[in-house]
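**Student:** sequence first, then the predicted structure:
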Amino acid sequence: MNRERTYLDHNASAPLRPEALAAMTAALEVVGNASSVHAEGRRARALIEEAREEVAALVNARPSEIVFTSGATESNNWVVGAGWDTVLVAGIEHDSVLAPAVFSATRCIELAVSPAGQVAVEAADQMLAEAGRRGRALICVQIANNETGVLQPVAEIATGARSAGVSFHTDAVQAVGRIPVDFANLGVDFMSLSSHKLGGPKGVGALVIRDGLDLPPMLRGGGQERRRRAGTENVAAIAGFGAAAAAARRELCRAARLGELRDRVEQGVARLTPQAVVLGAGAPRLPNTSCIALPKAAAALTVIKMDLAGVAIGAGSACSSGKLGVSHVLAAMGVAPALAEAAVRVSLGWNSEGRDVDAFLQAWDAMARGLRFNETASPAAAPARAGQATHMTAGE
Ligand code: PMP
């Protein structure tokens, strides 16, 4: 990684871990098709099954419960699009949950979230009971939000879902590798994972499906992934995912350290710019994520200024996929549009160090001084114009 740059956008994509790169390079040399019975085929098969064990171990699932996919977008689309009568979704879910829910469910019901960004358990319980009476129903509540890091009461809501006979899907993309995630004990039926958020390659992920559950195949054709997802496996990507999962599991104890670095970011921001607001700070959060709004500083401009100073952060202010407008996550939390348009996201990860925080705060200080200078020099020049935020992490 280029150390002249400071990369604090792990929630968009984490840098590839050296272990993952090594595993992928080795796997690319393996010539066989994992479905072939000869030695070359068995070698490819072994790499896939080793990776399956590593991914399963990271989330306390059984290897038989892991189905490799092309990423969490596919995992989310697969489970949400599986022909439910009702899908209950929190308004803060990722677009790859919301879009298939709106597109494919007979009824799609949005669960309200508190101003701190959490789904209210009691309100969810009532809706679950009603949905359970009206046919096949699914509820989707993520473990942690990608923009704010806010954690959801997944285990509590899963209890209500079970008694209402409603299936439960959780998007664990941002939580895995950063906090312990326990599929077996969470009480959920389906869980989506993505390799590139934990230092594996992009374009590979998994859907964890509780043993014994039925889900129509994602792709029909060959017998790969126990007939659930046909197609010759991307062995190198899967091997890289497995190696990243193993490394992430070894390092889970680093979460406290990430939390300390994140706290240093927030304390520094509060000192340099006392008017800044940390969105979602009122709820339990991931140790690595900070969603910071500096009133009147348009997020797109802040991201560009920080980038020019060598620091990569994300814009929390605009929706995914290059759309203009404020974030649906912050809107669901009731954050005023003017503040939401100023929200940027700092997200740390496996290779973050104290010097990254120092570099960030130095650049933040310079950026804030520039704002103050502009405000004094020309009051008309500074204010952010509504609707001007452009998305800096398109497609995330
Ligand atoms: N869910 C969440 C919460 C995410 O943050 C992301 C990626 N930004 C996804 C799903 C999609 O994952 P992938 O990039 O593997 O398709």
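**Tutor:** Yes, it's here.
**Student:** for the helix or strand where residue 226 lies, what is the distance to the chain centroid?
**Tutor:** Here residue 226 is covered by helix 224-227, with elements defined by DSSP states H and E. When C-alpha coordinates are averaged (CA atoms, centre = their mean, to the nearest Å), helix 224-227 and its chain have centres 26 Å apart.
**Student:** near the ligand, which residues of the stretch 151-300 of the chain show up?
**Tutor:** Contact residues, the stretch 151-300 of the chain versus the ligand (CB under 6 Å from any ligand atom): 171, 173, 174, 194, 205. All C-beta atoms are positioned from the backbone trio N, CA, C, and that covers glycine.
**Student:** go ahead and confirm the third one touches residue 329.
**Tutor:** This points to residue 174. No: with contacts counted by CB atoms under 8 Å, residue 174 stays clear of residue 329, the gap being 11.8 Å.
**Student:** got a ChimeraX select line for the buried ones in the residues of the stretch 151-300 of the chain next to the ligand?
**Tutor:** Selecting just the buried residues from these in ChimeraX takes one command, with 16 or more other CB atoms under 10 Å as the test:
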select :171,173,174,194,205
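**Student:** which two of the residues of the stretch 151-300 of the chain next to the ligand have the greatest separation?
**Tutor:** Checked with CB to CB, those reach their widest spread between 174 and 205, with 12.5 Å between them.
**Student:** and the helix ranked longest in the chain, average pLDDT?
**Tutor:** The longest helix of the chain (DSSP state H) is helix 354-377. Average pLDDT, helix 354-377: 90.
**Student:** what do residue 174 and residue 329 both touch?
**Tutor:** Overlap of the contact sets of residue 174 and residue 329 (by CB atoms under 8 Å, 6 or more residues apart in numbering) consists of 145, 146.
**Student:** same question for the strand or helix carrying residue 48: list its buried residues.
**Tutor:** Here residue 48, judged by DSSP H and E, is contained in helix 39-58. Burial within helix 39-58, assessed by neighbour count using 16+ other CB under 10 Å, is assigned to 41, 43-45, 47-48, 50-56, 58.
**Student:** ok, those residues vs residue 274, which is closest?
**Tutor:** Using CB to CB, residue 58 comes nearest to residue 274 of those, at 39.7 Å.
**Student:** pLDDT score for the nearest residue to that closest one once chain neighbours are set aside?
**Tutor:** What sits nearest to residue 58 in space, not counting adjacent residues and going by CB to CB, 6 or more residues apart in numbering, is residue 245, at 4.4 Å. Among the per-residue scores, residue 245 holds a pLDDT of 98.
**Student:** picking that back up, could you list which of the buried residues of helix 39-58 also contact the ligand?
**Tutor:** Filtered for proximity to the ligand (CB under 6 Å from any ligand atom), those leave an empty set.
**Student:** can I get the residues you listed in TSV with pLDDT and distance to residue 375?
**Tutor:** Supplementary listing: the buried residues of helix 39-58 in TSV, determined by pLDDT from 0 to 100; distance: CB to CB, whole Å:
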residue	pLDDT	distance to residue 375
41	97	66
43	97	64
44	98	61
45	98	63
47	98	57
48	98	57
50	98	57
51	98	53
52	98	56
53	98	57
54	98	52
55	98	50
56	98	54
58	98	48
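**Student:** make a markdown table from those and add distance to residue 215 to it.
**Tutor:** Listed next are these as a markdown table, based on distance: CB to CB, whole Å:
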| residue | distance to residue 215 |
| --- | --- |
| 41 | 27 |
| 43 | 30 |
| 44 | 25 |
| 45 | 23 |
| 47 | 25 |
| 48 | 20 |
| 50 | 25 |
| 51 | 21 |
| 52 | 17 |
| 53 | 22 |
| 54 | 23 |
| 55 | 18 |
| 56 | 17 |
| 58 | 21 |
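**Student:** among those residues, which one sits closest to residue 363?
**Tutor:** Taking CB to CB as the measure, residue 363 lies nearest residue 58 of the buried residues of helix 39-58, at 33.4 Å.
**Student:** ok, the residue nearest the centre of the chain - contacts?
**Tutor:** In the chain, the C-alpha nearest the mean C-alpha coordinate belongs to residue 174, at 3.4 Å (CA atoms, centre = their mean). Shown here is residue 174, whose contacts under the criterion CB under 8 Å, 6+ apart are 11, 142, 143, 144, 145, 146, 149, 197, 286, 289.
**Student:** which non-adjacent residue is nearest it?
**Tutor:** For residue 174, the spatially nearest residue (CB to CB, 6+ apart) is residue 144, at 4.4 Å.
**Student:** tell me the bridge partners for that neighbour.
**Tutor:** According to DSSP bridges, the residues that bridge with residue 144 are residue 151.
**Student:** please enumerate the strands of this protein.
**Tutor:** All strands of the chain, identified by DSSP state E, fall at 6-7, 66-69, 86-90, 107-111, 137-140, 167-171, 190-194, 205-209, 277-279, 289-293, 311-312, 314-315, 343-347.
**Student:** save these as JSON lines, and put in mean pLDDT and distance to residue 99 too.
**Tutor:** Conversion of the strands of the chain to JSON lines gives the following (pLDDT from 0 to 100; distance: least, CB to CB, whole Å):
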{"stretch": "strand 6-7", "mean pLDDT": "98", "distance to residue 99": "28"}
{"stretch": "strand 66-69", "mean pLDDT": "98", "distance to residue 99": "16"}
{"stretch": "strand 86-90", "mean pLDDT": "96", "distance to residue 99": "10"}
{"stretch": "strand 107-111", "mean pLDDT": "94", "distance to residue 99": "10"}
{"stretch": "strand 137-140", "mean pLDDT": "98", "distance to residue 99": "12"}
{"stretch": "strand 167-171", "mean pLDDT": "98", "distance to residue 99": "13"}
{"stretch": "strand 190-194", "mean pLDDT": "98", "distance to residue 99": "14"}
{"stretch": "strand 205-209", "mean pLDDT": "98", "distance to residue 99": "17"}
{"stretch": "strand 277-279", "mean pLDDT": "97", "distance to residue 99": "23"}
{"stretch": "strand 289-293", "mean pLDDT": "97", "distance to residue 99": "22"}
{"stretch": "strand 311-312", "mean pLDDT": "98", "distance to residue 99": "27"}
{"stretch": "strand 314-315", "mean pLDDT": "92", "distance to residue 99": "20"}
{"stretch": "strand 343-347", "mean pLDDT": "97", "distance to residue 99": "21"}
